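J.: here is the input, now give the coordinates:
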Amino acid sequence: MDNSIYAALSRQSGLMQEMQTVANNMANVSTTGFRREGVIFSEYVSALGGDEPSLSMAYANGRNINMSEGPLSATGGTLDFAIEGDGFFMVETPQGNQLTRAGSFLRSPEGELVTPDGYRVLDTGGSPIFLPSDQGQIAMAEDGTLSAKGAPVAQIGLYLPDDPNSLSLQAGTRFTTSGGTVPAENARVLQGFVEQSNVDPVAEISRMVEVQRAYELGQNFLDREDERIRSVISTLK
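T.: Alright, predicted model coming up:
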């Protein structure tokens, strides 16, 4: 196969991945705590030997997570929490502890603070949070301290990854980190609010149009190359 076709196909493959990422961003524009993703393109250069020029191909082999804060939405819910500043809640999952900014929580039948998926939310010591059901309404201070009837019952944990670049999206709004975590000392929590998605739908639609046009240009090039090769083969017969 001609080297130009290899290069064009690698570009088309990356554009398809970017289109899928943009579509996923659009699908989660109303998802609480969602973080916009982008595709990182890299260049692969290979020596062909002899007097042949090098072959350059594009690869979409990385993801970029936009960690800018999304707008806050007032819900009035007792167990709806939003983080202002850098930080994440930590939840316990079967795949290990994971980080999230989605703060719409529930009280489980056992009295534990859990996500809508049933995963337990952890405190500053990495332990599940128990909320007594017979102590009235739960209140939260800005440092994450939960109290009932004025008496502290737990402090919800706020964490940061040691290396922000180690974050990896696992599912929906949950992330893992390949390194450790540290307390988020400068973050504060607001009760009765949730953080919305940080996806800008107008920007995503614009990017979708750009990717589609770039893909169409690549497809036109491949079609012309196919016609050229067929013409050469037909002439040589």
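
J.: mind listing the helices for this protein?
T.: According to DSSP state H, the chain carries its helices in the segments 3-27, 201-236.

J.: same list (those) but as TSV, adding mean neighbour count, distance to residue 184 and mean pLDDT.
T.: All C-beta spots, glycine's among them, are computed from the backbone N, C-alpha and C. Listed next are the helices of the chain as TSV, based on neighbours: other Cβ atoms under 10 Å; distance: least, Cβ to Cβ, whole Å; pLDDT from 0 to 100:
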stretch	mean neighbour count	distance to residue 184	mean pLDDT
helix 3-27	17	25	82
helix 201-236	12	27	84
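
J.: looking at those, which is nearest to residue 166?
T.: Proximity to residue 166 (Cβ to Cβ) singles out helix 3-27 among the helices of the chain, at 19.5 Å.

J.: helices or strands up against that closest one?
T.: strand 37-46, strand 55-65, helix 201-236 (3 or more Cβ pairs under 8 Å, 6 or more residues apart in numbering; DSSP states H and E).

J.: and for the closest residue to residue 107 other than its chain neighbours, the neighbour number?
T.: Closest residue to residue 107 apart from its sequence neighbours, by Cβ to Cβ, 6 or more residues apart in numbering: residue 131 at 5.3 Å. By the criterion of other Cβ atoms under 10 Å, residue 131 has 20 neighbours.

J.: my read: residue 89 touches residue 100, true?
T.: Yes - using Cβ atoms under 8 Å, residue 89 is in contact with residue 100, at 5.4 Å.

J.: how about the worst-scoring helix or strand of the chain on mean pLDDT: buried residues?
T.: Every helix and strand of the chain was ranked by mean pLDDT, DSSP states H and E. The lowest is strand 55-65, at a mean of 73. Neighbour-count burial for strand 55-65, counted by 16 or more other Cβ atoms under 10 Å, picks out 57, 58, 60.

J.: tabulate the helices and strands packed on helix 3-27 (JSON lines), appending distance to residue 156.
T.: Formatted as JSON lines, these follow (distance: least, Cβ to Cβ, whole Å):
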{"stretch": "strand 37-46", "distance to residue 156": "26"}
{"stretch": "strand 55-65", "distance to residue 156": "23"}
{"stretch": "helix 201-236", "distance to residue 156": "31"}
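
J.: returning to what we had before: can you put the helices of the chain in a markdown table and add distance to residue 187?
T.: Putting the helices of the chain into a markdown table (distance: least, Cβ to Cβ, whole Å) gives the following:
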| stretch | distance to residue 187 |
| --- | --- |
| helix 3-27 | 25 |
| helix 201-236 | 26 |
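
J.: so for residue 148, which of these sits nearest?
T.: Ranked by Cβ to Cβ, the member of those that lies closest to residue 148 is helix 3-27, at 38.2 Å.

J.: tally up the residues packed near the closest residue to residue 178 other than its chain neighbours, please.
T.: Ranked by Cβ to Cβ, 6+ apart and with sequence neighbours excluded, the top spatial neighbour of residue 178 is residue 166, at 4.3 Å. Neighbour count for residue 166, taken as other Cβ under 10 Å: 14.

J.: repeat that for residue 144.
T.: Residues near residue 144, counting by other Cβ under 10 Å, number 22.

J.: residue 157 is in contact with that one, correct?
T.: Yes - counting by Cβ under 8 Å, residue 144 touches residue 157, with 7.2 Å between them.

J.: what mean pLDDT does stretch 121-138 get?
T.: Stretch 121-138 carries an average pLDDT of 86.

J.: cool, and stretch 37-44?
T.: Here the average pLDDT along stretch 37-44 is 78.

J.: and the contacts of it?
T.: Stretch 37-44 is contacted from outside by 10, 14, 17-18, 21, 24-25, 56-66, 169, using Cβ atoms under 8 Å, 6 or more residues apart in numbering.
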